[in-house]
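Asker: model this:
(chains A and B)
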Amino acid sequence: DAKTTQPPSMDCAEGRAANLPCNHSTISGNEYVYWYRQIHSQGPQYIIHGLKNNETNEMASLIITEDRKSSTLILPHATLRDTAVYYCIVKNNNNDMRFGAGTRLTVKP
Amino acid sequence: EPEVTQTPSHQVTQMGQEVILRCVPISNHLYFYWYRQILGQKVEFLVSFYNNEISEKSEIFDDQFSVERPDGSNFTLKIRSTKLEDSAMYFCASRGGAVSSGANVLTFGAGSRLTVL
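Answerer: As a prediction, this is how the structure comes out:
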């Protein structure tokens, strides 16, 4: 699997957009970008995934650069409940999901 | 919304004892997984299971560990002789069977906390 690089921590003000970056410069053509988050010690929760087009769902938006070497997860209006560790994972359809250290996002009032 | 259910939520055991952690994956899912997370550390892949056999396992998943799908609904992780370092949160996950990016989305359970004394 391609490796990903994420900042270890970020802060965001409540109500503002949270933009979480991820670098995956060695991504292969058949690898997708997945984002999960883990709130406190709960099980990881799927957020969104994409291949090359930008994606949006009820939780977040995923912006993937044209060269696919990086992406940004956007939480448009962060709330205190969005405080969590966010994981960016790159994988193809055949291998298993492996988690890195992620970014610890703290949403502050 | 369909859920992955794990039991027990917390188990305390003595070193050397056998432990079985149970999971009920989402009913129409075909791929099953166990992960663990030692306190303060990252989520680590242990094993994946499909068609009644292990698909892949990590170096953590040694001979002390085994998995089983004893019936049509349960998926279990057994630790034969627990060690202090097995203390962790264990997460079960499942996903659908189609080969597509959407089918690769894992649904995780809430976890089972294992404390080995």
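
Asker: and residue A:74, which of the three is it?
Answerer: For residue A:74, the assignment made with DSSP: H, G, I helix; E, B strand; the rest coil gives strand.

Asker: And for the closest residue to it other than its chain neighbours, the neighbour number?
Answerer: Nearest non-adjacent residue to residue A:74, counting by CB to CB, 6 or more residues apart in numbering or on different chains: residue A:61, 4.4 Å away. Every residue, glycine included, has its C-beta placed from N, CA and C. Residue A:61 has 17 neighbours, counted by other CB atoms under 10 Å in any protein chain shown.

Asker: wait, doesn't residue A:61 sit right on residue A:71?
Answerer: No: the criterion here is CB atoms under 8 Å, and residue A:61 misses it with residue A:71 at 10.4 Å.

Asker: For the residue nearest to residue A:74, list the residues it contacts.
Answerer: If you count contacts by CB atoms under 8 Å, 6 or more residues apart in numbering or on different chains, residue A:61 has them with A:48, A:54, A:55, A:73, A:74, A:76.

Asker: By neighbours, which of the residues you listed wins?
Answerer: In terms of neighbours by other CB under 10 Å, the contacts of residue A:61 top out with residue A:73 at 25 neighbours.

Asker: Who does it form a beta bridge with?
Answerer: For residue A:73, the beta-bridge partners under DSSP bridges are residue A:20, residue A:62.

Asker: Quick check: it vs residue B:48, distance?
Answerer: The gap separating residue A:73 from residue B:48 is 25 Å, by CB to CB, to the nearest Å.

Asker: do residue A:63 as well
Answerer: Taking CB to CB, one finds residue A:63 at 30 Å from residue B:48.

Asker: So residue 49: helix, strand or coil?
Answerer: Reading this off chain A. Classified using three-state DSSP, residue A:49 is strand.

Asker: related to what we said a few turns ago, now the residue nearest to residue A:74: how far from residue A:18?
Answerer: Residue A:61 sits 11 Å away from residue A:18, going by CB to CB.

Asker: hey, what's in contact with both of the two?
Answerer: With CB under 8 Å, 6+ apart applied, the overlap between the contact sets of residue A:61 and residue A:18 consists of A:73, A:74.

Asker: For the chain, which residues score under the pLDDT cut-off?
Answerer: I'll assume chain A. A:1-2 (pLDDT under 70).

Asker: try chain B instead
Answerer: Using pLDDT under 70, the flagged stretches of chain B are B:97-103.

Asker: how about the closest residue to residue A:75 other than its chain neighbours, phi and psi?
Answerer: Distances taken as CB to CB, 6+ apart place residue A:18 nearest to residue A:75, at 4.2 Å, with adjacent residues excluded. Main-chain torsions, residue A:18, degrees, to the nearest 10: phi -100, psi 120.
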